[in-house]
Each structure stands twice: as structure tokens, then as C-alpha cells.
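> Mind looking at a prediction? Sequence and model below.
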Number of protein chains: 2
Amino acid sequence: MDLRPIGCVHSPYTTMSDAPHQGRDSDQASEIVIDEQYAAGLRDVEHHPHLIVLCWFDRADRSKLTATPPHLSTEHGVFATRSPHRPNPIGFCVVDLIRRDGRTLHVQGLDAINNTPVLDIKPYSRGIDYVPGKKIRHRQQSQTL
Amino acid sequence: MDLRPIGCVHSPYTTMSDAPHQGRDSDQASEIVIDEQYAAGLRDVEHHPHLIVLCWFDRADRSKLTATPPHLSTEHGVFATRSPHRPNPIGFCVVDLIRRDGRTLHVQGLDAINNTPVLDIKPYSRGIDYVPGKKIRHRQQSQTL
């Protein structure tokens, strides 16, 4: 299970504390530059106004299993938070594609810091990635470990 | 950039052709069993009705850079499709959490086949993961490579 970076983020954020907690909170533009060897994978990507970007937060602490979200005062398990510090620090962000210039994607709403490796890009689909406010069946109260 | 599986999918799908093209098209229930060493990361996950599940499609073809989606007749770059066959075959799925029993998450809407390694779980947030129908600034026509 080895990862191969397909490209790299160019962003104005140089440290994790510079970056917004969630990219969608920001209008800041960033660039994703895809490596030459993966360029053929970009064909038609410019037809999608929104993209899912998976990054590798290479400066994250992979030993963390709990985190305290910035807007809360209590600690939660990392899988109940969006903390970048987690066993597999894969960043997930839905971005707006502003335009494509060859292997460079100009995007808005990305929370990754400069030089973050990019792992994957997928078109966002409102049909399958959006959860309408439907009721969940059989939901029960929390269970203890 | 080595990945550590945090758990495993138990699903009724045994081959990639069994699985739905998109999990959200199906009401089928699956289980995600998190390994004991990552169990502390699950604390409070049961408070989230929808989860983002990142899996590793270990049976995917990582050499593919183009794909023809099932509903289309033309080939596109893999980064413009949701094909599981891609350089880093990280599956992304938004699922409904039906209930949690200790280290087992009972979910609905997952498209992963049986024994697929799980990489990460994040709470889905309608505020940051949903794209409303807003206009994109400066969007231009497609660029050639």
C-alpha cells in the first residue's frame, strides 16, 4: 500500500497554522500541478466545476488517535473529527476549479499548505457526494468501546 | 508515504463487478470493523449520521490513466472519472451510519467489496463538503494538454 504522488500543491500557506481549518471557508486561490507522467489522467477534468482533492499531509502527526476540534473544548476520537493528525493523514477537500492551464489546475477552497503532495483528483458529483436531509434508519445511541 | 490499514470492510460484494458503481445507489448494509489498536479513534463517531470512508481498492489497476464511465461511451482521463482504476486507488464514499457496536460500524451506501482495507473515516459535514449551486468565478473553456 504505497502511495505515489501525482502532483503537488502550490499555495500561499507555508505552515499548518497558516492554513484555514477548512478550505471552503476561504476564497484563496491555489494551484495543483500534476506531474508529466500523470498528465493524460487530466483529460476532460476542466468540464467539472468542482473537484475532490485528496492530499497527503506529510507534516501531520500519525500517532494521534484523539483531537480537540478548534470550535469545541472536548476531545474526540480522530475519526469523529477532521483533524489533519490521524493514522493515514489523507486530506479531503472539495474545491472549485477556476481554470486549467495544461497540467496546472487553478482552484479555490483548498486547505493544503505549500508543497503538499497530491494523491488523487475526482470529479465532485452532487448526486452521489451530497447527503440530503433524509432520515437514517435504525439509528441508535452511542455504544461504548 | 506508506499507508496503514485501520480496519476492514465486510460486505456482500465479492468481486468488483458485484459492487454498485456508486454505493449511494444501494440500500445494502455493510460493516466496517476497526482494528483494536485504532479503536480509541472512534470515540464519538456515533454522533455523526454520515461518514466519509476512504478505502484502498487493493484489486485496482494502478497503471490506468484513462477510463470510460459506465454511462458514457467516450474515454476520459481517470481524474475526470470515479473509476476505481487509478494511480492511487483510494475509494471515497459518503455512507449513512446506521449504528455502532464497539469497533464495528454498521453502514449503508458503501461500494467497497469484502475485505477491502479501510484507510480513514471522517465525519461528513454538509457545511464544508456540500457545494451549493453557486457560480464559479472566471471559469474558462477547456485547455489542451
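Structure received. Residues are numbered from 1 along each chain as shown, chains lettered A, B, ... in the order given.
> Okay, now the unreliable bits of chain A?
A:21-25, A:132-145 (pLDDT under 70).
> Give me the spatial nearest neighbour of A:His48, chain neighbours excluded.
Of all residues not flanking A:His48 in the chain, A:Pro123 sits nearest, at 4.0 Å (C-beta to C-beta, 6 or more residues apart in numbering or on different chains). (C-beta placed from N, C-alpha, C; glycine too.)
> Wasn't A:Glu46 part of a helix?
Yes: using DSSP: H, G, I helix; E, B strand; the rest coil, the assignment for A:Glu46 is a helix.
> Thought A:Gly102 was touching it, still the case?
No: the pair A:Glu46 / A:Gly102 is not scored as a contact, 10.5 Å apart, by C-beta atoms under 8 Å.
> With neighbour numbers in mind, choose between the two.
Higher neighbour count among A:Glu46 and A:Gly102: A:Glu46, with 19 against 12, using other C-beta atoms under 10 Å in any protein chain shown.
> how close does the more buried one get to A:Lys64?
The spacing between A:Glu46 and A:Lys64, counted by C-beta to C-beta, to the nearest Å, is 37 Å.
> Quickly list what A:Ala29 is bridged to.
Under DSSP bridges, the beta-bridge partners of A:Ala29 are A:Gln108.
> contacting residues for it?
Neighbour list for A:Ala29: A:98, A:106-108 [criterion: C-beta atoms under 8 Å, 6 or more residues apart in numbering or on different chains].
> Could you tell me which of those count as buried?
Among these, those scoring as buried are A:98, A:106-108 (criterion: 16 or more other C-beta atoms under 10 Å in any protein chain shown).
> any idea what A:Tyr38 is structurally, helix, strand or coil?
Per three-state DSSP, A:Tyr38 ends up helix.
> Let me see the contact set for the nearest residue to it once chain neighbours are set aside.
Distances taken as C-beta to C-beta, 6+ apart place A:Ile6 nearest to A:Tyr38, at 4.5 Å, with adjacent residues excluded. Contact analysis of A:Ile6 by C-beta under 8 Å, 6+ apart lists A:34-35, A:38, A:41, A:118-121, B:79, B:87-88.
> Against chain B, how distant is the residue most central in space within chain A?
With distances taken as C-alpha atoms, centre = their mean, the residue of chain A nearest its centroid is A:Phe92 (2.2 Å). According to C-beta to the nearest C-beta, to the nearest Å, A:Phe92 and chain B sit 6 Å apart.
> which residues sit in contact with that residue?
A:52-54, B:52, B:54, B:92, B:122.
> Now it. Its backbone dihedrals?
Note on A:Phe92: backbone dihedrals following degrees, to the nearest 10 are phi -120, psi 130.
> how about the strands in chain A?
For chain A, the strands defined by DSSP state E cover A:7-10, A:29-34, A:50-56, A:66-67, A:76-77, A:90-101, A:104-108, A:117-123.
> Excluding sequence neighbours, find me the nearest residue to A:Ile34.
A:Gly7 is the one closest to A:Ile34 (C-beta to C-beta, 6+ apart), at 3.9 Å.
> and the one you found, how many neighbours?
Applying other C-beta under 10 Å, I find that A:Gly7 has 27 neighbouring residues.
> my guess is it contacts A:Asp35, does it?
Yes: counting by C-beta under 8 Å, A:Gly7 touches A:Asp35, with 5.3 Å between them.
> Give me the common contacts of those two.
The contact sets of A:Gly7 and A:Asp35 overlap at A:Arg103 (C-beta under 8 Å, 6+ apart).
> Buried residues, stretch A:77-87. List them.
Buried, per 16+ other C-beta under 10 Å, within stretch A:77-87: A:77-87.
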